[in-house]
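> give me coordinates for this.
(one chain, ligands or ions: 2)
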Amino acid sequence: MKNKALKFEKITQICKMRKSLSYPSFLIAICILFSNCHAGAKVMAQKIEKPLNIILLIGDGMGLAQISAAAFMNGGLALELFKNIGLVKTSSANNYITDSAAGATAYSTGEKTYNGAIGLSKDSISLPTILEMSEAHGLSTGLIATCSITHATPGSFFGHQKNREMHKEIANDFYTKGIDYVAGTGKPYFDMNRLKADNYTVHTGKDLIGLDAIQKYFWFYNDSIDAPKSAERGLWLKQATSQGIQFLSSNKKGFFLMVEGSQIDWGGHANDFNYTVTELIDFDHAVRAALEFAQKDGNTLVLVTADHETGGLSLDAGSLTNKTIEHHYSSTHHSGIMVPIYAYGPGSELFTGTIENTDVFKKMKSLYGF
Ligand code: MG
Ligand code: ZN
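Ligands and ions are numbered 1, 2, ... in the order given. Predicted coordinates for the structure are as follows:
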């Protein structure tokens, strides 16, 4: 109201001045007023919209070289559709080079911790995760990974343990949390009786089943700890993601879903270029599924990032006709290079620029209003 009154006063003044002003001066006055209005409109447009749902997709070990290679060899990626893009610094509390536990804990809790820690501060104090906060606020939650659910990345969203190798203990942290939809491997670490007591419908196998009238769903890809590569999995990750989104989106209060392309990292550790690229293309199918839902839904923020780059991958030469790339890895470990973050949907403009990995949690928390 105050602004409106001021503007009206300005216009009246200009009209009065009109008589005493030369025509060019009058035009300049109008231009100044218009530019003020324009600046005001810009500030209005910058008011951050808040999402109901957040889908966080983590490509483990997915740096720009991996993305560039997959985009070139695949003839494009869903990742290229994102307009709001930033860079993430990945160092952990005790090491310039993070591991996946500290990397995922930064995303899940907003604090940098020591390499190997799952959902704990650098002083080994248990920290609430964005998934646990979502549950506490009545949202639905989900976790999907192409590895054991107790592995560092998914484990850091519900587990609180000093060492990422403590798979049994991490699995023990899962019960009674109320996580609604889970898909991955790691069945031997879980107690089926406790899952049943927690009202889970447990399904083991590669194929989808209908989820009507199911309360909580735990989908083990197989009976094993290990997950096969994408060539054997087919479009499992995309299916698990699409179905998970449908399942979780029935909650009118919103949902939080984390999806991990776990094995991009394993291709990097093995210095296996084809493994890296095929896992990334597989992950990109899940990204597309999330993006398509968000475009229709309008209340969903989609974030795609990595915990770190793996292998120090370098793209040295390529053939435009054969779509092949000559490359080399500089190590079999993670590297310290920043990783990209892609954002789409309400609040996505907050994820541009150069940020710390811990900022991703802080921004998600603030957008949810927790
Ligand atoms: Mg991982
Ligand atoms: Zn790794």
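> got the domain boundaries for the protein?
2-45, 53-368 (automatic domain parsing).
> looking at these, which is buried most?
Among the domains of the chain, domain 53-368 has the highest mean neighbour count (mean count of other C-beta atoms under 10 Å), at a mean of 20. For the C-beta atoms, the positions are set from N, CA and C on the backbone; glycine is no exception.
> about what we covered before: could you dump the domains of the chain into TSV and include mean pLDDT?
Below are the domains of the chain laid out as TSV (pLDDT from 0 to 100):
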stretch	mean pLDDT
domain 2-45	46
domain 53-368	98
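> tabulate these (CSV), appending distance to ligand 1.
Shown next, in CSV, are the domains of the chain (distance: least, C-beta to the ion, whole Å):
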stretch, distance to ligand 1
domain 2-45, 38
domain 53-368, 3
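> excluding its backbone neighbours, what's nearest residue 177?
Excluding its sequence neighbours, the residue lying closest to residue 177 (C-beta to C-beta, 6 or more residues apart in numbering) is residue 158, at 5.5 Å.
> return the distance of that neighbour relative to residue 72.
37 Å (C-beta to C-beta, to the nearest Å).
> which residue lies nearest the spatial centre of the chain?
Closest to where the C-alpha atoms of the chain average out (C-alpha atoms, centre = their mean) is residue 56, at 2.5 Å.
> double-check that that one belongs to a strand.
Yes: under DSSP: H, G, I helix; E, B strand; the rest coil, residue 56 falls within a strand.
> i'd like the first residue to be 34 from this point on
Got it, the first residue is 34 from now on, which makes the last one we talked about residue 89.
> contact partners for it?
140, 289-292, 336, 338, 393, 397 (C-beta atoms under 8 Å, 6 or more residues apart in numbering).
> narrow those to those in strands?
Those of these mapping onto strands are 289-292, 336, 338, per DSSP state E.
> could I get the full set of strands for this structure?
Taking DSSP E, the strands of the chain run over residues 86-92, 117-122, 173-181, 214-218, 233-237, 249-253, 288-294, 333-338, 342-343, 346-352, 357-362, 367-368, 372-377, 386-389.
> chain center to the third one, what's the gap?
Centroid separation for strand 173-181 versus its chain: 12 Å, with C-alpha atoms, centre = their mean, to the nearest Å.
> show the contacting residues for residue 92.
Residue 92 neighbours (C-beta under 8 Å, 6+ apart): 99, 293-294, 297, 313, 316, 337-339.
> now the two most distant members of those.
The distance between the two most remote of the contacts of residue 92 (C-beta to C-beta) is 14.7 Å, for 99 and 293.
> re earlier: I'd guessed the residue nearest to residue 210 sits against residue 165; true?
Yes: with contact defined as C-beta atoms under 8 Å, residue 191 reaches residue 165; the gap is 6.9 Å.
> who touches both of these two?
Common neighbours of residue 191 and residue 165 (C-beta under 8 Å, 6+ apart) are residue 210.
> ok, and the closest non-adjacent residue to residue 384?
Residue 384 sits nearest to residue 376 (C-beta to C-beta, 6+ apart), 3.8 Å away.
> okay, and the beta partners of the one you found?
Here residue 376 sits in beta bridges with residue 117, residue 336, going by DSSP bridges.
> leaving out chain neighbours, which residue sits closest to residue 180?
Setting aside the residues directly before and after it, residue 180 is nearest to residue 295 in space (C-beta to C-beta, 6+ apart), at 3.8 Å.
> and the one you found, how far from residue 394?
Distance, residue 295 to residue 394, using C-beta to C-beta: 20 Å.
> how about residue 238?
For residue 238 relative to residue 394 (C-beta to C-beta), the value is 34 Å.
> that older thread, what's opposite the residue nearest to the centre of the chain in the beta bridge?
Per DSSP bridges, the residues bridged to residue 89 are residue 291, residue 336.
> now do residue 253
Beta-bridge pairing for residue 253 (DSSP bridges): residue 217, residue 237.
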